[in-house]
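Undergrad: below: sequence and its predicted model.
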Number of protein chains: 2
Amino acid sequence: MAESLPSEHKAVRLHPNGERRIRVETIPAPRIEHPDDAIVKVKLAGLCGSDLHAYRGHEVIDQVITTGHEFVGEVVALGASFAPEATAKNRPPLYATLKVGDKVVSPFTSSCAECNFCRLGFTSRCANSLLFGSVLLEGGQAQYVRVPRAGGTLFPIPPHTSIPHAPTAEQLTSLADPSLLLLADILPTGVFAAIQTLQHPKVLPVITGRPFPLGSMSVLPAGEIIAQRIQSGGVGVELLEEDKILNLAIVGLGPVGICALISLLDLLALNKTSYNITAIDLLAARRAKASAIYRSLPDSARGSGHFAVCGTDEAEATVAAQTKGTNGEGIPGCHAVLEIVGNNSALTLAHTLLRPFGALISVGVHQTPPVPFIGRALYAKNTALEFGRCPVRAVFPLAAELLLRRQDVFGKVGGDEALVDRVVGIDDAEEAFTRFEKGEWGKVIFDPWK
Amino acid sequence: MAESLPSEHKAVRLHPNGERRIRVETIPAPRIEHPDDAIVKVKLAGLCGSDLHAYRGHEVIDQVITTGHEFVGEVVALGASFAPEATAKNRPPLYATLKVGDKVVSPFTSSCAECNFCRLGFTSRCANSLLFGSVLLEGGQAQYVRVPRAGGTLFPIPPHTSIPHAPTAEQLTSLADPSLLLLADILPTGVFAAIQTLQHPKVLPVITGRPFPLGSMSVLPAGEIIAQRIQSGGVGVELLEEDKILNLAIVGLGPVGICALISLLDLLALNKTSYNITAIDLLAARRAKASAIYRSLPDSARGSGHFAVCGTDEAEATVAAQTKGTNGEGIPGCHAVLEIVGNNSALTLAHTLLRPFGALISVGVHQTPPVPFIGRALYAKNTALEFGRCPVRAVFPLAAELLLRRQDVFGKVGGDEALVDRVVGIDDAEEAFTRFEKGEWGKVIFDPWK
Ligand SMILES: NC(=O)c1ccc[n+]([C@@H]2O[C@H](COP(=O)([O-])OP(=O)(O)OC[C@H]3O[C@@H](n4cnc5c(N)ncnc54)[C@H](O)[C@@H]3O)[C@@H](O)[C@H]2O)c1
Ligand SMILES: NC(=O)c1ccc[n+]([C@@H]2O[C@H](COP(=O)([O-])OP(=O)(O)OC[C@H]3O[C@@H](n4cnc5c(N)ncnc54)[C@H](O)[C@@H]3O)[C@@H](O)[C@H]2O)c1
Ligand SMILES: [Zn+2]
Ligand SMILES: [Zn+2]
Ligand SMILES: [Zn+2]
Ligand SMILES: [Zn+2]
């Protein structure tokens, strides 16, 4: 089923050592290697904070790799599994419907849709998952990219009717490519952080107004019976209005942190939950962008609450001031803190900002140091922690729906209120990595054909 | 409102240093010190694994303390807040209804029922909480004990009608005191571990059959709208029957571990969830008791699943054998592991036994060492962790209901299938601490009048 593919293509390559670690090189173009593969012709590829882990040497690589894990493109070749006669035998819907010519967005990891993890929605830890732009799988900052398990991985725009989430299917087609690219990683990861926060059993009592453990147990199949056993939750007192105000902090206001903020605000508004949110970053430019974006949102997109932005030094005082009215008698702290940085100083700050029975939701990519927590402190605060990689494929529908509704932010390129700073040609990759790493450029997108 | 109280009473005292650290001494009896106080005449007081933290010196004390945090007794004096004219002004129900002569069980921490934490069900981190048997509050291994914030803390047997959970109110009266004593700590803590496990967003997809994030988001007020946005969870494939088998491990089979096991089995049966459970302890005697209790349960109390008991050395292999059928292709591990020990080797083992997107539910009391986790490993496994103290007061109704239904286990004193090993006079406290610490005696209960 392969179209005629070129023998060579341009790709951004990261070298393990040496002076110029990032180079744009012409190398052999990818080929179908397995019946489940697709070859995608890349229209746009994102440069992302996660690319910096290897670039900075925090993540050691032992060979040259093609970088990039965010791309939108067009299917130009498919393996034998996608032939109509082959797809009869019980493959997931996408294997049957994916066609050469489809416009697709790819999650930053491949996933098969055929393993226990995928079926449960844990696609980022699919038994057959690979990370684009790693030593195991060439990345998307290139003209072409090979997508393994393409029938589980790719998300066609518009979605095929056999894929859930029909309501927004047609509308997605109207979106510009830089906006669609956000679906590869940063927007779903922000949504992932937000939903892990709001669905956490230690947070649910505030949102549902039903005390622990009633709020969270009711979702079980036998929830009704359990609720009868628990009745009012054991203590037998009503929640006050002030108990239903959710205190949150976000540590790290890079692109993912901003996406988490927008998703949080959207879900809080939808659930009519009042909030205090403190948004924290080391860098003034990042704080300014978060403020500008918050201010630019329509009321319907940010519900009812207080929003403060500050540096790490003022974080404790800001949270204390925001939360003293609800926690009571001198107990500062948040019901949940989102850590969207990826280092131990951010984890330490996040835990400091938590109140007892708080949840630390970490989506930062962490490296080899032990986490900076004492067992007694976690016990003493009844801390909950969540770590890990976003299951983009499972979060896709929610993220796509938010992308559509929030085009006022996600549809912009450049300017104070835009997440995407600029689109540049792939030949500028070396400069882009340098400037992006220094914070001189915000989120950069490569056009491999420009 | 105080009855005539004796001026002195017998109490078990732990001395910070010296040869005989545990001594039964005659000391001044407690008095009402605050209008919210009650004095309880202790009928029975438990000796517990948690008492050993200070006894062994892992938790340093700087003064002599009266030990014990588990007691059942009778209210013999009440502060001024409980006078009918005083309780009119908006105190929680128990302040109005608690009477001299009431039989009561106390959670191992006091709680006020009047702060934000109490209203949310987080009673163990009540803004006014104190731990019985600590330097801040005399313990219950004595003839009398002072209970602060008694209107929020104490649970009358039978519960007053103004207190939730009427169905089991009368029946609780039929239970023997050693059985009621389990409500002070170990049974609610076991229930707490079990419900934190089953209600966890990373576990819910297995139980509800709805993939992440659908299973857990649906409990939000706007759950319907969110569900429409997510639809089938994003991947668009149905769960298989094998995906709905829950793989669990319990590390630590002391009294709390056994209570967690029984509660887990009960909730799994109620929700018709099939399971594989591996129960792990260093000590053969503890393993034997867990096996005997499991075998003694009626079918209705343990639902459908596989149960294995093993030492720490065989834990990985046992879990791998149990779980290979469901996780798929060479990925061993549990959806959740309960850590009910309180040291780093148990935490390390628990994390090893988790599969990706697994939840480590720790109720062990941890001390000053840093927790033994590398950030990268937590990220790579998408690990969730829960730590902390059981909010006994909030979990009381669920625990009481289970206590009633599982009298076949919880009603026994002595023998292979009993949680409580023996009831001894308070004068035997010194011997009891020694033998309990060595594992020669199982759970001991003191009768301070024998
Ligand atoms: N879990 C996932 O699936 C997933 C997906 C995408 C990105 N990530 C990770 O999320 C993190 C954020 O991604 P990004 O693209 O927004 O990165 P980024 O580097 O653009 O942003 C990180 C921000 O954190 C700030 N920061 C650094 N140290 C801080 C501290 N101690 N306190 C407060 N702020 C601090 C920086 O100034 C920066 O603005 C990275 O670790 C990235 O690798 C994870
Ligand atoms: N979170 C709470 O609110 C709460 C309440 C009560 C008790 N606790 C704590 O729960 C823990 C258990 O309480 P318990 O009364 O059952 O204690 P226990 O000491 O009777 O039981 C602990 C068991 O763990 C076993 N063990 C020790 N190290 C192990 C290892 N590395 N791997 C496997 N097993 C190991 C021991 O052999 C023992 O059987 C203690 O830390 C206790 O302080 C917490
Ligand atoms: Zn990225
Ligand atoms: Zn898979
Ligand atoms: Zn105890
Ligand atoms: Zn309280």
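TA: Cool, the structure landed. Ligands and ions are numbered 1, 2, ... in the order given.
Undergrad: which residues of chain A lie near ligand 2?
TA: Residues of chain A found near ligand 2 (Cβ under 6 Å from any ligand atom): none. Where C-beta positions appear, they are placed from N, C-alpha and C, glycine not excepted.
Undergrad: ok, A:Glu316 touching A:Ala350?
TA: No: A:Glu316 lies out of contact with A:Ala350 (Cβ atoms under 8 Å); the separation is 11.5 Å.
Undergrad: so what secondary structure elements neighbour the helix or strand bottoming out on mean pLDDT in chain A?
TA: The helix or strand of chain A with the lowest confidence, counting by mean pLDDT, DSSP states H and E, is helix A:84-87 at a mean of 75. The contact analysis (3 or more Cβ pairs under 8 Å, 6 or more residues apart in numbering or on different chains; DSSP states H and E) places helix A:84-87 against helix A:93-97.
Undergrad: the helix it packs on near chain B at all?
TA: Yes: where contact is defined by Cβ under 8 Å from any Cβ of the partner chain, part of helix A:93-97 touches chain B, namely A:93-94.
Undergrad: return the distance of that helix from the chain's centre.
TA: Here helix A:93-97 shows a centroid-to-chain-centroid distance of 25 Å under the convention Cα atoms, centre = their mean, to the nearest Å.
Undergrad: now that helix - C-alpha only, PDB.
TA: C-alpha atoms of helix A:93-97 as PDB (Å, rounded to 0.1, in the frame of the first residue of the first chain):
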ATOM      1  CA  PRO A  93     -11.400   0.100  14.500                       C
ATOM      2  CA  LEU A  94      -8.500   2.300  13.400                       C
ATOM      3  CA  TYR A  95      -6.700  -0.600  11.700                       C
ATOM      4  CA  ALA A  96      -9.700  -1.100   9.500                       C
ATOM      5  CA  THR A  97     -10.400   2.600   8.700                       C
END
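Undergrad: that helix vs ligand 4: in contact?
TA: No: judged by Cβ under 5 Å from the ion, helix A:93-97 stays clear of ligand 4, getting no closer than 12.4 Å.
Undergrad: what does stretch A:120-140 give?
TA: Yes: Stretch A:120-140 is in contact with ligand 4 by Cβ under 5 Å from the ion, via A:Cys126.
Undergrad: thinking again about what came up before, which of A:Glu316 and A:Ala350 has more neighbours?
TA: A:Ala350 (28 against 18; other Cβ atoms under 10 Å in any protein chain shown).
Undergrad: regarding A:Glu431, what is its secondary structure?
TA: Here A:Glu431 is recorded as helix under DSSP: H, G, I helix; E, B strand; the rest coil.
Undergrad: next, count neighbours for it.
TA: Count around A:Glu431 with other Cβ under 10 Å applied: 14.
Undergrad: what of the one 10 residues further on?
TA: Neighbouring residues of A:Trp441 were enumerated by other Cβ under 10 Å; the total is 17.
Undergrad: now it: how far from A:Gly414?
TA: 11 Å (Cβ to Cβ, to the nearest Å).
Undergrad: what's the overlap in contacts for the two?
TA: Residues touching both A:Trp441 and A:Gly414 (Cβ atoms under 8 Å, 6 or more residues apart in numbering or on different chains) are A:421-422.
Undergrad: show me the strands in the stretch 101-250 of chain A, by range?
TA: In the stretch 101-250 of chain A, the strands defined using DSSP state E, counting those that start in this stretch lie at A:103-106, A:144-147, A:155-156, A:245-251.
Undergrad: oh, I was asking about the stretch 301-450 of chain A
TA: A:305-310, A:334-339, A:354-362, A:384-386, A:420-425, A:443-447.
Undergrad: can you tell me what sits against the least confident helix or strand of chain A?
TA: With contact meaning Cβ under 8 Å, 6+ apart, helix A:84-87 is reached by A:35, A:80-81, A:95-96.
Undergrad: right, and A:Gly139 touches A:Val64 too?
TA: No: with contact defined as Cβ under 8 Å, A:Gly139 does not count as touching A:Val64 (11.4 Å).
Undergrad: how about the residues of chain A that lie near ligand 3?
TA: Within reach of ligand 3 by Cβ under 5 Å from the ion, chain A has these residues: A:48, A:50, A:185.
Undergrad: which one of the residues you listed has the most neighbours?
TA: A:Asp185 leads the residues of chain A next to ligand 3 on contacts (other Cβ under 10 Å) with 28 neighbours.
Undergrad: isn't that residue up against A:Arg393?
TA: No: using Cβ under 8 Å, A:Asp185 is not in contact with A:Arg393; the gap is 11.7 Å.
Undergrad: got the domain ranges for chain A?
TA: A:8-185+A:391-447, A:191-387 (the TED database).
Undergrad: got these as CSV, with distance to B:Ile27 columns?
TA: As requested, these are exported to CSV (distance: least, Cβ to Cβ, whole Å):
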stretch, distance to B:Ile27
domain A:8-185+A:391-447, 57
domain A:191-387, 29
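Undergrad: distance to ligand 6 added to these, as a markdown table?
TA: Conversion of these to a markdown table gives the following (distance: least, Cβ to the ion, whole Å):
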| stretch | distance to ligand 6 |
| --- | --- |
| domain A:8-185+A:391-447 | 36 |
| domain A:191-387 | 8 |
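Undergrad: out of those, which comes closest to ligand 5?
TA: If you check each of the domains of chain A against ligand 5 by Cβ to the ion, domain A:191-387 wins as the nearest, at 14.2 Å.
Undergrad: the closest one near ligand 1 at all?
TA: Yes: contact of domain A:191-387 with ligand 1 (Cβ under 6 Å from any ligand atom) involves A:251-257, A:280-283, A:286, A:312, A:340-343, A:345-346, A:349, A:363-365.
Undergrad: got the residues of the stretch 101-250 of chain A near ligand 4?
TA: Residues of the stretch 101-250 of chain A lying near ligand 4 by Cβ under 5 Å from the ion: A:111-112, A:115, A:118, A:126.
Undergrad: so which of those residues reach chain B?
TA: Okay, of those touching chain B (Cβ under 8 Å from any Cβ), that's A:111, A:115, A:118.
Undergrad: give the burial count for the last one, as a bare number.
TA: Going back to what we said before, that points to A:Cys118. Counted with other Cβ under 10 Å, residues neighbouring A:Cys118 total 31.
Undergrad: distance check, it against A:Pro107.
TA: Using Cβ to Cβ, one gets 11 Å for the distance from A:Cys118 to A:Pro107.
Undergrad: quick check: A:His53 touching A:His366?
TA: No: A:His53 is not in contact with A:His366 according to Cβ under 8 Å; the separation is 9.7 Å.
Undergrad: please tell me how far the residue in chain A positioned nearest to ligand 2 sits from B:Glu437.
TA: Distance from ligand 2 to each residue of chain A (Cβ to the nearest ligand atom) is smallest for A:Tyr379, at 7.1 Å. According to Cβ to Cβ, A:Tyr379 stands 21 Å off from B:Glu437.
Undergrad: helices or strands up against the lengthiest helix in chain A?
TA: Longest helix in chain A by number of residues (criterion: DSSP state H): helix A:255-270. With contacts defined as 3+ Cβ pairs under 8 Å, 6+ apart, helix A:255-270 has these neighbours: helix A:186-198, strand A:245-251, strand A:274-280, helix A:284-296, strand A:334-339, helix A:392-405, helix B:223-230.
Undergrad: hey, least reliable of those by pLDDT?
TA: Note on the helices and strands packed on helix A:255-270: lowest mean pLDDT is at helix B:223-230, with a mean of 78.
Undergrad: hmm, back to that, where do the contact lists of A:Cys118 and A:Pro107 overlap?
TA: Counting by Cβ under 8 Å, 6+ apart, the residues touching both A:Cys118 and A:Pro107 are A:Arg393.
Undergrad: where does chain A dip in pLDDT?
TA: When residues are selected by pLDDT under 70, those of chain A lie in A:1-3, A:87-89, A:161-169, A:231-235, A:329.
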